[in-house]
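> Sequence plus the predicted model coming up.
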Amino acid sequence: KGFRADFCSRCVGGLTLPLAQPGYDAKKQIISELMIKHDVNVSETLLGELLARLDSEVPVRSLEAIIRSIKLWCTMNQSEPKIDAVDYATESTSKTLDISLHKINAAVAKHFKIKRADLRSHSRKQTLVRARSLAMLIARNLTDQTMLQIGKYFGGRDHTTVLHALRSTEIRLQEDPQLLDAMERIKSQLKVN
């Protein structure tokens, strides 16, 4: 499910493809492209420091989360990227966390004083939509869950709905300091528990 039919038909016959994490040069190129995409301007020195801190098994999706975290740090601190931004980004995307969608749902519901079931409902009330979208963004940043899995958990939504929620929430975070504060509090609580 989710794969193109022509790809599936090739795999049925026993097609095997070796897959490996990108090497140092590939990661550097990917990070450079992601920085352009997210409008993050990092010096060569800082980029080298970031690459040195990355685990050799870090997936590409986590690289994008790191770049988004650097941008978020810069927005929160009204500063250009520096070593503190790299610290924040690598810490916030650490794979040592064992956070489930259920825990994220519970933490967001508790913070916004709403029922957990409401976050997973089909309700279109703006307060619920904003809280649900924030929960989806936190889930995307702190778990290995795909957009399809996140959407399925939060009311059976498809990946395009999740993608829209992520993008709109990232924009909202830049404009709404209260929402940004809520996200940081929820993430801190999840990392403690």
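In hand now; what should we look at?

> Is the residue most central in space within the chain within a helix or a strand, and which one?
Among the residues of the chain, the one closest to the centroid is Asn141, at 2.6 Å (C-alpha atoms, centre = their mean). Applying DSSP states H and E as the criterion places Asn141 in helix 126-142.

> what's the following helix or strand after that helix?
Downstream of helix 126-142, the first helix or strand assigned by DSSP H and E is helix 147-153.

> after that next one, next one along is what?
Proceeding N to C from helix 147-153, the next assigned helix or strand is helix 159-175, under DSSP H and E.

> Output that following helix as CSV, restricted to C-alpha atoms.
Only the C-alpha atoms of helix 159-175 are listed here, as CSV (Å, rounded to 0.1, in the frame of the first residue of the first chain):
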residue,chain,number,x,y,z
HIS,A,159,-0.7,12.2,4.1
THR,A,160,-1.6,15.3,2.1
THR,A,161,-3.8,16.5,5.0
VAL,A,162,-0.9,16.0,7.4
LEU,A,163,1.5,17.8,5.1
HIS,A,164,-0.9,20.7,4.9
ALA,A,165,-1.2,20.8,8.7
LEU,A,166,2.6,20.7,9.1
ARG,A,167,3.2,23.5,6.7
SER,A,168,0.5,25.7,8.1
THR,A,169,1.6,25.1,11.7
GLU,A,170,5.2,25.9,10.8
ILE,A,171,4.1,29.3,9.4
ARG,A,172,1.8,29.9,12.4
LEU,A,173,4.8,29.2,14.8
GLN,A,174,6.7,32.1,13.2
GLU,A,175,3.8,34.5,13.8
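
> what's the distance between it and the middle of its chain?
Put simply, helix 159-175 sits 11 Å off its chain's centre (C-alpha atoms, centre = their mean, to the nearest Å).

> Looking at it now, give me its mean pLDDT.
For helix 159-175, mean pLDDT rounds to 91.

> Packing partners of it?
Packing contacts for helix 159-175, counted by 3 or more C-beta pairs under 8 Å, 6 or more residues apart in numbering; DSSP states H and E, involve helix 60-77, helix 126-142, helix 147-153, helix 177-192. In this view, the C-beta of every residue, glycine as well, is placed from N, C-alpha and C.

> chain center to the helix or strand following the first one: distance?
This points to helix 60-77. Later in the chain than helix 60-77, the nearest helix or strand by DSSP H and E is helix 83-92. Its chain's C-alpha centre and that of helix 83-92 lie 14 Å apart, by C-alpha atoms, centre = their mean.

> and the next element down the chain from helix 83-92?
Helix 83-92 is succeeded, C-terminally, by helix 101-112 (DSSP H and E).
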